[in-house]
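[1] got a predicted structure plus its sequence, pasted below:
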Amino acid sequence: MGWRGALRSGMATYRRIERDNERQRRLALKSETVQRAADAVEAYDAYVARLKAIHQGCSPAVDWYSVRDQLAPEKPTRGSSAEDAARAALDRFRPSLLDRLLQRVERRRAALVAAVPSARLDDDAAYEAALATFREEHVQWEEEARVATLVLARDPAGYSAALAELAPGAAVNGLGSRIAYTNLLPDLAEVTLQVNGPEVLPTTTLTLTRAGNLSTRPMAKAAFTTLYEDYVCSCLLRIVGETFAVLPVDHVLATAVDNVLDSSIGHQVEATIVSVGVSRDRFNALRLDRIDPSDALRGFTHRMRLKRGSGFSAVDKLSLEDYRSGDA
């Protein structure tokens, strides 16, 4: 083969390698794109599942008897470990031949002697620090025992203190909703949930095409309404469970409010959309990991008006009198 033939052969080989490299690059890019799309859909599905499962994972019940009866922190005693170590170092001091040759015996002894009162000050500082910690722990112990005693006596003042300290609505608050306890009685707690649905709920769906590409579409109104209902009901059940975990009440009235369309003025107004009364015995009978939150909530005395095509409508809040009488 002449040099021209060799050149043509080499160029052909080079072009083939370039085509193969480009093909591999495109395959790698497509694989990376497909993986990113799959990750996005997985994250979306997990988020939607979380919105419908907030009622799961309620906190364990607070053992207020153990809180009330816990032992007081032990007051520290002043130690002398630093001073003892300094005195031991002084007692062990024996000048070496080099110390004598360099005439530093007295200097080294003086340093060891001076270290004793300095170490005593270190012991004093350590004791004062331990004493300060003890005082803080003792104040906390007294406060916890006081609150526990009030809670066990079913005193609403104790309920308020316990709720402020333990913040049972943290799981719901983290998703953009807010809760507030509006009425605390010895056997019943009333709580209101500010939903903020538009800030929390997705309005689009993410799916994968057959080719592995990401498809984004507006969520159908009926699907959005179903998700909205499950989210609200799941939040209310979680709040009820957290309240029962913190307070020894027998009943919880939980109300969800959000903006709904007032057709008389054509504007969004804040209104009650779901209101439910739950007894402790019936709540404890639920298998929270297996229920549909909307179906479960309908099993209690409640008020809710919902249309798949238009969403929630305003309802009257369930009053204490209505709940006790069973009038929904």
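    In hand now; what should we look at?

[2] for the stretch 101-250 of the chain, what spans make up the strands?
    Under the criterion DSSP state E, counting those that start in this stretch, strands of the stretch 101-250 of the chain are mapped to 178-185, 188-194, 204-208, 214-218.

[3] quick one: list the elements packing against the longest one.
    Meaning strand 178-185. Using 3 or more C-beta pairs under 8 Å, 6 or more residues apart in numbering; DSSP states H and E as the contact test, the elements touching strand 178-185 are helix 156-166, helix 170-173, strand 188-194. Every residue, glycine included, has its C-beta placed from N, CA and C.

[4] and the longest one, what's buried?
    By neighbour count with 16 or more other C-beta atoms under 10 Å, helix 156-166 contains the buried residues Pro156, Gly158, Tyr159, Ala161, Ala162, Leu163, Leu166.

[5] and if you look at stretch 261-268?
    By 16+ other C-beta under 10 Å, the buried positions in stretch 261-268 come out as Leu261.

[6] got the contact list for stretch 291-301?
    52, 54-55, 229-230, 233-234, 236-237, 274, 276-278, 282, 286, 304, 318, 322-323, 326, 328 (C-beta atoms under 8 Å, 6 or more residues apart in numbering).

[7] now Asp281: which helix or strand?
    Asp281 belongs to helix 280-284 when assigned by DSSP states H and E.

[8] buried ones in that helix?
    By neighbour count on 16+ other C-beta under 10 Å, the buried set for helix 280-284 is Arg280, Phe283.

[9] distance between whichever helix or strand comes after that helix and the chain's centre?
    Counting by DSSP H and E, the next helix or strand C-terminal to helix 280-284 is helix 293-298. Chain-centre distance of helix 293-298: 24 Å, with C-alpha atoms, centre = their mean, to the nearest Å.

[10] could I get the average pLDDT for the helix holding Asp281?
    Confidence for helix 280-284, expressed as mean pLDDT, is 96.

[11] need the buried ones from the contacts of stretch 291-301 selected in ChimeraX.
    Of the contacts of stretch 291-301, the buried ones go into a single ChimeraX selection, burial set by 16+ other C-beta under 10 Å:
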select :52,54,55,229,230,233,234,236,237,274,276,277,278,286,304,318,322,323,328
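
[12] hang on, the earlier thing: which residues touch the helix holding Asp281?
    Leu237, Val240, Gly241, Phe244, Val249, Asp250, His251, Val252, Gly299, Phe300.

[13] if we go to 6 Å?
    Contact partners of helix 280-284, identified using C-beta atoms under 6 Å, 6 or more residues apart in numbering, comprise Val240, Phe244, Asp250.

[14] which of the buried residues of helix 156-166 lies closest to Asn259?
    Set against Asn259, the nearest of the buried residues of helix 156-166 by C-beta to C-beta is Leu163 (26.2 Å).

[15] tell me the confidence at the closest one?
    As predicted, Leu163 sits at a pLDDT of 94.

[16] for it, what are its contacts?
    Contact analysis of Leu163 by C-beta under 6 Å, 6+ apart lists Tyr181.

[17] let me have the helices and strands packed on strand 178-185 in a markdown table, adding distance to Arg68 as columns.
    Shown next, in a markdown table, are the helices and strands packed on strand 178-185 (distance: least, C-beta to C-beta, whole Å):
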| stretch | distance to Arg68 |
| --- | --- |
| helix 156-166 | 11 |
| helix 170-173 | 24 |
| strand 188-194 | 20 |
